[in-house]
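Peer 1: One predicted model, sequence on top.
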Amino acid sequence: MRVNGLKLLRETLGDKAIGYKNNGGYELFFKNKEASYNTCLEKLNTISTFLYPVFNIEVFSEVDNKFGFKNIQPKLIFNKAEAQLDTGKMMQSLMQKACSAAILILNNSTITGFEDVKNSVKILLDQMEFTTKKLFIATNGFASQLGIAQVKPARNQVLVTKLIENLKIKGTFHLDEGYTYFRNIDNRILLGGGRNLDLSGEQTAVFGTTSQIQNYLENMLSETILPTIPFEIEHRWSGILGVGNQKKPIIKELSNNVYCGVRLGGMGIAMGSLVGQELAKLLDSQG
């Protein structure tokens, strides 16, 4: 779904409109994770063979640490199929496309509930209500607040540096079994993760940051990612993922007029377009 979803997104908006860059992705392993590191290296050929029919390339390879990272295993695992995009540009392009189709977007409106009646759905907001023929729930991380119990919120904290002169780091990077992610945004580093330090505390739909996780992220910048490069933090924020007991999204009819496309498990950018398309097909199939 990630491959097909990203393909659909690129076809819908175009690479320029979403700032798409195929710089590849890298898996890093801390020095104290030697067992996991060796296991992954042993499985590289098997996984690449498995993925070859999808990408028609050898996806994974071992590469040297050319970025100056510290306190990690000597080799990085390179994924040549991974890319990055500008989510701000993507959202702007999606909103422009929606507006050009005369679709109304209501911002800063909290939905507190809904009522599915015979031929319509009443949408309840904090300050008003309105009716619609059909309702698609695609709020993902907030789906549990609308009665979809299979989806749990998972807050991910993020920070981004100020501009760093002559930054050599290009691409997307994963650490700590995928719980930590960083990438360049031009000449800045965006770093997010650390949820595994407090899984119960971060199972929340409330935006915010904590000193425990923000300090962890800053230490990772100074000790591992940018050990010899001075940096300053410009912004800190959080986002809410929608996760569950499996990675497959929930795309289904909840009642006569209500449908959902949720539980994207941190892969919403890649899968979102396809989930939306599948939702539309599901509605069409109902006549």
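Peer 2: Great, that's in hand.
Peer 1: okay, now Y216: neighbour count?
Peer 2: Each residue near Y216 was counted by other C-beta atoms under 10 Å, and the total is 19. The way it works is simple: take the backbone N, C-alpha and C, and place the C-beta from them, glycine included.
Peer 1: quick thing: my sequence starts at 464, can you match it?
Peer 2: Got it, first residue is 464 now, which makes that one Y679.
Peer 1: For the most far-flung residue of the chain relative to its centre, which residues are in contact?
Peer 2: What lies farthest from the middle of the chain is K581; by C-alpha atoms, centre = their mean that is 36.3 Å. By C-beta atoms under 8 Å, 6 or more residues apart in numbering, the contact set of K581 is N719.
Peer 1: Mean confidence (pLDDT) on the host helix or strand of I510, please.
Peer 2: Per DSSP states H and E, I510 falls inside helix 497-518. Across helix 497-518, the average pLDDT comes to 94.
Peer 1: Describe which strands the next helix or strand after that helix pairs with in its sheet and in which direction.
Peer 2: Using DSSP H and E, the helix or strand that directly follows helix 497-518 along the chain is strand 523-527. Counting by DSSP bridges, the strands paired with strand 523-527 are strand 538-542 (antiparallel).
Peer 1: Convert the strand it pairs with to CSV, retaining C-alpha atoms only.
Peer 2: What follows is strand 538-542, C-alpha atoms only, in CSV (Å, rounded to 0.1, in the frame of the first residue of the first chain):
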residue,chain,number,x,y,z
LYS,A,538,27.9,0.1,8.5
LEU,A,539,24.6,1.7,7.5
ILE,A,540,21.9,-0.2,5.7
PHE,A,541,21.0,1.9,2.6
ASN,A,542,17.5,1.8,1.0
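Peer 1: got the angle for that strand vs helix 497-518?
Peer 2: Orientation check (axes from the mean of the first three to the mean of the last three C-alpha atoms, to 10 degrees): strand 538-542 against helix 497-518 gives 20 degrees.
Peer 1: Return the set of buried residues in strand 538-542.
Peer 2: If you call a residue buried by 16 or more other C-beta atoms under 10 Å, then strand 538-542 has these buried ones: 538-542.
Peer 1: All the helices of this protein, in order from the start?
Peer 2: 465-476, 478-481, 497-518, 550-563, 674-683, 731-748 (DSSP state H).
Peer 1: which secondary structure elements does the helix holding I510 contact?
Peer 2: Using 3 or more C-beta pairs under 8 Å, 6 or more residues apart in numbering; DSSP states H and E, the elements in contact with helix 497-518 are strand 523-527, strand 538-542.
Peer 1: can you list contacts of the last one?
Peer 2: What it means is strand 538-542. Residues from elsewhere that reach strand 538-542 (C-beta under 8 Å, 6+ apart): 487-491, 503-504, 507, 522-528.
Peer 1: what distance separates that strand from the centre of its chain?
Peer 2: Centre-to-centre, strand 538-542 and its host chain are 21 Å apart (C-alpha atoms, centre = their mean, to the nearest Å).
Peer 1: where's the closest residue to L539 other than its chain neighbours relative to F577, distance?
Peer 2: The shortest distance from L539 to any non-neighbouring residue, by C-beta to C-beta, 6 or more residues apart in numbering, is to Y489 (4.7 Å). Distance of Y489 to F577, given as C-beta to C-beta, to the nearest Å: 43 Å.
Peer 1: Could you report the neighbour count for Q590?
Peer 2: When counting by other C-beta under 10 Å, one arrives at 7 neighbours for Q590.
Peer 1: quick one: it from T573, how far?
Peer 2: According to C-beta to C-beta, Q590 stands 9 Å off from T573.
Peer 1: pLDDT weak spots in the stretch 464-613 of the chain?
Peer 2: For the stretch 464-613 of the chain, applying pLDDT under 70 flags no range at all.
Peer 1: can you give me phi and psi for V580?
Peer 2: Dihedral angles of V580 (phi, psi; degrees, to the nearest 10) stand at phi -100, psi -170.
Peer 1: could the buried residues of strand 538-542 go into JSON lines alongside distance to T550?
Peer 2: Below are those laid out as JSON lines (distance: C-beta to C-beta, whole Å):
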{"residue": "K538", "distance to T550": "30"}
{"residue": "L539", "distance to T550": "25"}
{"residue": "I540", "distance to T550": "25"}
{"residue": "F541", "distance to T550": "23"}
{"residue": "N542", "distance to T550": "20"}
